[in-house]
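>>> Mind looking at a prediction? Sequence and model below.
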Amino acid sequence: MVRFLVVTGLSILTALSVLLAVLVGAGWWVAVGVFGVLLLLAFRDVVQRKHSILRNYPVIGHLRFMLEYIRPELQQYFIERNYDGRPFDRDTRSLIYERAKGTNEEQAFGTERDVNEVGYEYLVHSTAPLEPPQESPRVHIGGPECRQPYDMSLLNVSAMSFGALSANALLALNKGAAMGGFAHDTGEGGLSEYHLRHGGDLVWEIGSGYFGARTKDGHFDPQLFADNAAHTSVKCVSLKLSQGAKPGIGGVLPAGKVTAEIAETRNVPQGVKCVSPAAHRVFSTPRELITFVAGMRELAQGKPVGFKLCVGSRSDLLAICKAMLAEGTTPDFIIVDGSEGGTGAAPMEYEDHMGTPLTEGLMMVHNALVGTGLRSKIRVGASGKVATGTDIVKRIIQGADYTNAARAMMMATGCIQSQRCHTNKCTVGVATQDPRRAKALDVELKSHRVQRFQEATVSEALRMIASMGANGPGELTPEMLRRRIGHLDTKSYAELYDWMEPGELLSEVPETWAQDWATASPDAFGARYGTNGRTKT
């Protein structure tokens, strides 16, 4: 019925417009054109078979697709409250923008959050607060075998590749890092000129594709790695085992985004889909992983080398620790990526349901290292939705030494959370390889915003630490972070979780860790359990 009415109505309107154009005046030919186009569209909708809604509701059915297309913007600007947007709520986004611009970041009238909601967390202040330090403390990265240690900031730019981000976005991030004295992780997409141009300190990330350090057939090239690691801007090297937003699968860069520059940077063919394998080729056991990391450190002339992972099974993590003990060598750092971390593109099932969240993963890594007596040799970084001073403080309490931020740094360069990163149609030129769109991003202006955001966020974290009565991050304890577990009760992280004593796993293994510890082997990943908890054979 609707289909008949639309087609009939447009036919009548088109015919009347033609008649009026002939009898009254040429101005009516505009109406003829409009109704004629709509009539043709209606006929096309009726005969096509791809969309049922258009066959039943020609012309007007397109309104549904139009509204669906702009739904994220309608949601973000007109519907969501300040504190319930996803992935980052409006309060957090506004805070990042204000700090990046150096404008007023205070708010009035009190919190909008429900402080009595189960799951609400808060930091415990001191009755005798201190003054924050004049200078931000640094985290010394470099274990016993490191010959060129690096002092890391409390907040740094997390891994984002050239390909995922535009050249201008990388230039702005790196120049901001150079001005602010913090580190910039390259992401797994290789070491490009845009990472190197402004001389910001780099953490060069190597993924399973070995981009920037690979042979033509995709294997690791030791000599090419050594040559690139020798760059003075490269301060650390990070081996990527997995990524929080999509653990267990490799990255994919569509063929259309593999430009000549990206192909050269990654040492891959231009215009061909670029895929990172799910697993590394150069190792398959915990022992091989640790020896490979040690070999990378030698090739990098003693610069700090570590690895990044989204934590999977605890037995695999303990297997890596056992391999460190067996081989007598350790990485200089471990970056823990939470499953809430960001990505340019990933399947929804992986983003929503795969991997360990940062809180649990971070505490698991910290406790495993403490329990095996390795914590003093290895620094731990935390990555996954870090955006505010509160995030920094919480992650340090949970076991981190420093933090990395990706999406917050993108917002400091102008990202508006349009969530079109995978389409190559980023509205502000951050996550695109479209030259026209990327040109809109002013490198000089945005670099200063990146630097201001990082400086203000670290400064606020240090002020919060001082308000908690601590002289610095090293004095934070699990008692200082509390979570509401019921409408009538709260508990501190010291009460909610078990915390290892140094070397505890090597002397008397706690019952809750015993099975994983017994299963973990330095010579194999992937312990599996049957329904009764016993290892499958």
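Arrived safely.

>>> neighbours around Asp337, how many?
31 (other C-beta atoms under 10 Å). Heads up, the C-betas are built off the backbone N, CA and C, glycines and all.

>>> What backbone torsions are found at it?
Dihedral pair for Asp337: phi -100, psi 130, per degrees, to the nearest 10.

>>> Surely it touches Lys246?
No - using C-beta atoms under 8 Å, Asp337 makes no contact with Lys246, being 10.3 Å away.

>>> Number of residues surrounding the nearest residue to Glu460 once chain neighbours are set aside?
Spatial nearest neighbour of Glu460, excluding adjacent residues (C-beta to C-beta, 6 or more residues apart in numbering): Gly389 at 3.3 Å. By other C-beta under 10 Å, 22 other residues sit near Gly389.

>>> List the buried residues in stretch 472-485.
Buried residues in stretch 472-485, counted by 16 or more other C-beta atoms under 10 Å: Pro473, Leu476, Pro478, Met480, Leu481, Arg482, Arg483, Arg484.

>>> SS state for the closest residue to Arg420 other than its chain neighbours?
Distances taken as C-beta to C-beta, 6+ apart place Cys426 nearest to Arg420, at 5.9 Å, with adjacent residues excluded. Three-state call for Cys426 (DSSP: H, G, I helix; E, B strand; the rest coil): coil.

>>> Going forward, count from 608.
Let's use 608 as the start, then, which means that last one is Cys1033.

>>> mind checking how far Cys1033 is from Gly951?
Distance check for Cys1033 against Gly951: by C-beta to C-beta, to the nearest Å, it reads 10 Å.

>>> so of the buried residues of stretch 1079-1092, which ones are in strands?
Within the buried residues of stretch 1079-1092, residues falling in strands by DSSP state E are Leu1088, Arg1089, Arg1090, Arg1091.

>>> So the third one is in contact with Leu1103, correct?
Yes - under the contact definition of C-beta under 8 Å, Arg1090 touches Leu1103, with a separation of 6.4 Å.

>>> Now do stretch 976-996: distance from first to last residue.
Across stretch 976-996, the terminal residues are separated by 26 Å (C-alpha to C-alpha, to the nearest Å).

>>> same thing with stretch 1033-1052?
Stretch 1033-1052: ends 19 Å apart by C-alpha to C-alpha.

>>> Buried residues, that stretch. List them.
Neighbour count says stretch 1033-1052 has Cys1033, Val1035, Gly1036, Val1037, Ala1038, Thr1039, Gln1040, Arg1044, Ala1045, Ala1047, Leu1048, Val1050 buried, by 16+ other C-beta under 10 Å.

>>> ok so, going back, so what pLDDT did the residue nearest to Arg1027 get?
With respect to pLDDT, Cys1033 scores 85.

>>> lowest average confidence, helix or strand, in the protein?
The helix or strand of the chain with the poorest confidence is helix 678-681; it has a mean of 70 (mean pLDDT, DSSP states H and E).

>>> Mind listing what's buried along the helix or strand following it?
Next along the chain after helix 678-681, taking DSSP states H and E as the criterion, comes helix 697-708. Within helix 697-708, the residues scored as buried using 16+ other C-beta under 10 Å are Arg697, Asp698, Thr699, Arg700, Leu702, Ile703, Tyr704, Glu705, Arg706, Ala707.

>>> one step back: could you provide the ones in strands among the buried residues of stretch 1079-1092 in JSON lines, with additional columns for distance to Val844?
Below are these laid out as JSON lines (distance: C-beta to C-beta, whole Å):
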{"residue": "Leu1088", "distance to Val844": "32"}
{"residue": "Arg1089", "distance to Val844": "38"}
{"residue": "Arg1090", "distance to Val844": "36"}
{"residue": "Arg1091", "distance to Val844": "41"}
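
>>> want to try TSV for those, with pLDDT and distance to Ala1013 as columns?
Output for those, formatted as TSV (pLDDT from 0 to 100; distance: C-beta to C-beta, whole Å):
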residue	pLDDT	distance to Ala1013
Leu1088	98	23
Arg1089	97	28
Arg1090	96	26
Arg1091	96	29
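
>>> For Pro665, state which of the residues you listed is nearest.
Nearest to Pro665 among those is Arg1091, at 53.9 Å by C-beta to C-beta.

>>> closest to Asn723 among the buried residues of helix 697-708?
Nearest to Asn723, judged by C-beta to C-beta, of those is Asp698 at 18.5 Å.

>>> can you pull the pLDDT of that closest one?
In this model, Asp698 carries a pLDDT of 86.

>>> With Gly709 instead?
Looking at Gly709, its pLDDT stands at 92.

>>> isn't it right up against Arg1059?
Yes - using C-beta under 8 Å, Gly709 makes contact with Arg1059 at a distance of 5.1 Å.

>>> which one of these two has more residues nearby?
Neighbours were counted for Gly709 and for Arg1059 using other C-beta under 10 Å; Arg1059 has more, 20 against 13.

>>> Just the buried residues of the host helix or strand of that one, please?
Here Arg1059, judged by DSSP H and E, is contained in helix 1050-1074. Neighbour-count burial for helix 1050-1074, counted by 16+ other C-beta under 10 Å, picks out 1050, 1053-1065, 1067-1074.

>>> cool, stretch 946-955 as well?
Ser946, Gly948, Gly949, Thr950, Gly951, Ala952, Ala953.

>>> Number of residues surrounding Gln908?
Gln908: 11 neighbours (other C-beta under 10 Å).

>>> which stretch of helix or strand covers it?
Counting by DSSP H and E, Gln908 is held by no secondary-structure element, helix or strand.

>>> isn't it right next to Ala836, touching?
Yes - contact criterion C-beta under 8 Å: Gln908 and Ala836 qualify, at 7.2 Å.

>>> is it true that Cys1033 touches Gln1024?
No - applying C-beta under 8 Å as the test, Cys1033 and Gln1024 come out as separate, 10.9 Å apart.

>>> Would you map the strands across the stretch 658-807 of the chain?
728-730, 746-748, 757-759, 762-764, 791-792 (DSSP state E, counting those that start in this stretch).

>>> can you redo those as CSV with mean neighbour count and distance to Glu1115?
Converted to CSV, those look like this (neighbours: other C-beta atoms under 10 Å; distance: least, C-beta to C-beta, whole Å):
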stretch, mean neighbour count, distance to Glu1115
strand 728-730, 15, 32
strand 746-748, 20, 31
strand 757-759, 20, 34
strand 762-764, 28, 37
strand 791-792, 28, 38
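
>>> one step back: and the buried residues of stretch 1033-1052, which is closest to Tyr801?
For the buried residues of stretch 1033-1052, the minimum distance to Tyr801 (C-beta to C-beta) is 9.7 Å, reached by Val1050.

>>> Which residues are in contact with the closest one?
Asn775, Leu778, Ala779, Lys782 (C-beta atoms under 8 Å, 6 or more residues apart in numbering).

>>> now those residues: which count as buried?
Buried among the contacts of Val1050 (16+ other C-beta under 10 Å): Asn775, Leu778, Ala779, Lys782.

>>> ok, the third one touching Ala1045?
No - Ala779 lies out of contact with Ala1045 (C-beta under 8 Å); the separation is 10.8 Å.

>>> So Phe650: helix, strand or coil?
Going by three-state DSSP: Phe650 is helix.
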